[in-house]
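Undergrad: Provided below for reference: sequence and predicted model.
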Amino acid sequence: MQQPFFPCNNLSAKDGVLQFAGQDTASLAKQYGTPLYLLDEARIRHNCRVYLNAFRAHFPAGSLPHYASKANACKALYRLMTEEGMGIDVVSPGEIYTAREAGFDLSKAFFHGNNKTDADIAFAMDCGVGCFVADNEEELCAIDREANRRGIRQRVILRLTPGIDTHTYAAVNTGKVDSKFGAAIETGQAKALTALALQKRGIDLCGFHCHIGSQVFEEDVFERAAVIMIDFMAQMKADFDFETKLLNLGGGYGVRYVESDGQIDIPQKIATLAGVINDRCQHHGIPVPQIAMEPGRSIVADAGLTLYTVGTVKRIPGYKTYVSIDGGMGDNPRFALYRSSYTCLVANKLGEPADLEASLVGRCCESGDIIQEHVMFPSSVTRGDLVAVCTTGAYNYAMASNYNRLGRPATVLLHPDGTSDVIVKRETMEDLVRLDV
Ligand code: LLP
């Protein structure tokens with residue numbers, strides 16, 4: 001009997017039942033109910049340490065990886081980031097508030113977004129967010145106004161678009177000139193934004209940022225982006241005598257969802273990137289700045305798994321089979337949005353041959369409520385079976401909704417000692433009407 005494909009080594013089989021982070025998925029489903037998000041604490045810590053160690057080995061002192069918390073934000077995750085010594089990237093007052101409530105030191109946060117409101121800016125300053133990533137002139141002026149009102153100088157880096165087109169899906173391809181994010185180097189807007197920042201009394205310009213895209217596997221795009229950014233830094237040194245102290249290269253390393261996805265060797269990628277950065281800075285005769293990166297997916301995706309219970313199995317002779325589960329696009333909208341691939345398994349029947357092709361669909365009143373098409377399941381799949389969708393730690397809970405007034409699932413953190421804790425409670429009926437008047 002052929003072993004099913006497991007996208008990450010925190011998955012294994014025991015007596016035909018899927019084990020995740022060393023714990024039995026069938027027992028977890030029984031204990032906590034489904035649908036259920038699971039997170040593997042050891043894997044999250046491991047993924048952080050991969051970045052932290054590579055940063056220590058290759059980048060100047062003061063360089064730090066920042067967890068892009070849009071991938072999955074809750075108090076427990078911010079606490080984990082504190083324990084691991086990571087910085088964070090936040091994109092909204094809600095993320096800032098959650099991090100603050102978790103006791104995260106917000107001086108280690110970058111505040112992102114292409115349209116920060118005046119209220120967002122004031123709130124972020126109240127909370128002591130360390131560095132703002134200014135996206136455009138209008139925003140830079142708003143940050144300056146608020147800083148002046150408070151009599152402070154706010155640390156700021158500028159978001160630039162280096163003009164790199166990654167071959168990822170359009171929704172996450174952000175490095176191009178034609179993007180809602182950042183000031184393009186190519187059009188001269190990046191230089192104009194820098195000039196403006198240097199004139200503003202309330203702005204302490206520290207450096208530059210770019211983020212070229214997400215789920216990126218291409219060989220050299222991060223290196224190419226770094227070269228373009230460093231060339232720009234050298235130009236700013238020549239034009240304005242501005243010395244860049246901090247270069248933030250964003251997130252984006254791809255993770256393995258299915259067998260055909262590649263696997264990125266992050267320490268090796270960072271070593272190569274550091275070599276390119278050092279050479280290019282030396283070429284221009286400028287000092288190597290502190291480096292930041294903002295991994296989201298590669299910190300939490302493979303630490304996550306979602307469990308569902310099978311309900312209706314509908315066979316349409318001559319067409320196909322639909323396997324319906326007790327969750328769907330409300331807890332994982334990524335197939336509906338991007339046609340994202342996932343490895344899906346019948347977690348209590350790993351010992352059986354997977355000989356039935358099916359569509360794995362949710363329970364929402366909408367045909368687009370699909371988790372995955374062309375999944376191979378054992379033909380005995382039936383009501384009450386347990387389905388595991390792997391690699392769901394990033395952009396699942398974070399993007400979940402209450403569509404059809406379905407409550408969002410609980411998240412359970414699996415500890416390395418074999419114990420587990422609810423870190424986000426399951427939404428109840430009362431939660432669903434809490435804001436209704
Ligand atoms: N930094 C910035 C400025 C970003 O915009 C992002 C992601 C990251 C870092 C983290 O990138 P990562 O390492 O996770 O690739 N909802 C989409 C992904 C959207 C990514 C948005 N920005 C998805 O489900 O695939």
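TA: Nice, thanks for sending it over. Residues are numbered from 1 along each chain as shown.
Undergrad: could you find the closest non-adjacent residue to the residue of the stretch 301-437 of the chain found nearest the ligand?
TA: For the stretch 301-437 of the chain, the residue closest to the ligand is residue 395, as judged by Cβ to the nearest ligand atom, at 3.2 Å. Using the backbone N, CA and C atoms, a C-beta is placed for each residue, glycine as well. Leaving out its chain neighbours, the residue that sits closest to residue 395 by Cβ to Cβ, 6 or more residues apart in numbering is residue 71, at 5.8 Å.
Undergrad: any idea how far the least confident helix or strand in the chain by mean pLDDT is from the middle of the chain?
TA: When each helix and strand of the chain is scored by mean pLDDT, DSSP states H and E, strand 183-184 comes last, with a mean of 95. Taking Cα atoms, centre = their mean, to the nearest Å, the mean C-alpha location of strand 183-184 is offset from the chain mean by 23 Å.
Undergrad: toward the C-terminus, what is the element adjacent to it?
TA: Along the chain past strand 183-184, the next helix or strand (assigned with DSSP states H and E) turns out to be helix 189-199.
Undergrad: picking that back up, which residues touch the residue nearest to residue 395?
TA: Remark: with contacts taken as Cβ atoms under 8 Å, 6 or more residues apart in numbering, residue 71 is in contact with 296, 297, 299, 300, 301, 393, 394, 395, 398.
Undergrad: where does the first one land on pLDDT?
TA: In this case it means residue 296. Residue 296 is assigned a predicted lDDT (pLDDT) of 98.
Undergrad: wait, it sits on residue 251?
TA: Yes. If you go by Cβ atoms under 8 Å, residue 296 and residue 251 touch, sitting 5.1 Å apart.
Undergrad: where does the stretch 151-300 of the chain dip in pLDDT?
TA: Screening the stretch 151-300 of the chain residue by residue with the criterion pLDDT under 70, one finds the ranges 169.
Undergrad: now the helices for it?
TA: With DSSP state H, counting those that start in this stretch applied, the stretch 151-300 of the chain shows helices at 189-199, 221-240, 266-284, 297-300, listed in chain order.
Undergrad: of those helices, which approaches the ligand most closely?
TA: The closest of those to the ligand is helix 297-300. By Cβ to the nearest ligand atom, the value is 3.5 Å.
Undergrad: for that closest one, which outside residues touch it?
TA: Among residues not part of helix 297-300, those counted as contacts by Cβ under 8 Å, 6+ apart are 39, 44, 47-48, 51, 67-68, 71-72, 77, 214-215, 251, 253-255, 264, 266, 393-395.
Undergrad: those in strands, which ones?
TA: 39, 67, 68 (DSSP state E).
Undergrad: so what's the backbone phi/psi at residue 98?
TA: Recorded main-chain torsions at residue 98 are phi -60, psi -40, according to degrees, to the nearest 10.
Undergrad: gap between it and residue 158?
TA: The gap separating residue 98 from residue 158 is 26 Å, by Cβ to Cβ, to the nearest Å.
Undergrad: any residues of the stretch 151-300 of the chain in contact with the ligand? List them.
TA: 172, 211, 214, 215, 250, 251, 252, 294, 295, 296, 297, 298 (Cβ under 6 Å from any ligand atom).
Undergrad: any chance of those residues in CSV, plus distance to residue 26 and neighbour count?
TA: Shown next, in CSV, are those (distance: Cβ to Cβ, whole Å; neighbours: other Cβ atoms under 10 Å):
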residue, distance to residue 26, neighbour count
172, 35, 17
211, 40, 27
214, 33, 24
215, 31, 23
250, 39, 27
251, 34, 25
252, 36, 28
294, 36, 25
295, 32, 26
296, 30, 26
297, 28, 26
298, 29, 25
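Undergrad: any chance of these in TSV, plus distance to residue 63?
TA: What follows is these, written out as TSV (distance: Cβ to Cβ, whole Å):
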residue	distance to residue 63
172	25
211	17
214	21
215	24
250	14
251	15
252	17
294	13
295	14
296	18
297	21
298	17
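Undergrad: looking at the stretch 101-250 of the chain, which residue is nearest the ligand?
TA: For the stretch 101-250 of the chain, Cβ to the nearest ligand atom, closest residue to the ligand: residue 214, 3.2 Å.
Undergrad: give the closest residue to that residue in space, chain neighbours not counted.
TA: Across the structure, with Cβ to Cβ, 6+ apart as the measure, the residue nearest residue 214 apart from its sequence neighbours is residue 172 (3.9 Å).
Undergrad: do the same with residue 396
TA: If the residues on either side of it in the chain are set aside, residue 396 comes closest to residue 332, at 4.8 Å by Cβ to Cβ, 6+ apart.
Undergrad: next one, pLDDT for the one you found please.
TA: Confidence at residue 332, expressed as pLDDT, is 98.
Undergrad: residues touching it, list them.
TA: Under the criterion of Cβ under 8 Å, 6+ apart, the neighbours of residue 332 are 306, 371, 389, 392, 396, 399, 400.
Undergrad: of the residues you listed, which belong to strands?
TA: Taking DSSP E as the definition of strands, those contribute 306, 371, 389.
Undergrad: how many residues are close by the residue of the stretch 51-200 of the chain found nearest the ligand?
TA: Taking Cβ to the nearest ligand atom as the measure, the stretch 51-200 of the chain has residue 68 as its residue closest to the ligand, at 3.5 Å. Applying other Cβ atoms under 10 Å, we find 29 other residues in the vicinity of residue 68.
Undergrad: spit out the contact partners of the residue nearest to residue 214.
TA: Shown in contact with residue 172 (Cβ under 8 Å, 6+ apart): 213, 214, 215, 338.
Undergrad: these two touch, right, residue 371 and residue 326?
TA: No. With the criterion set as Cβ under 8 Å, residue 371 and residue 326 do not qualify as a contacting pair; they are 11.5 Å apart.
Undergrad: could you pull up phi and psi at the residue nearest to residue 396?
TA: Backbone geometry at residue 332, expressed as degrees, to the nearest 10, gives phi -150, psi 90.
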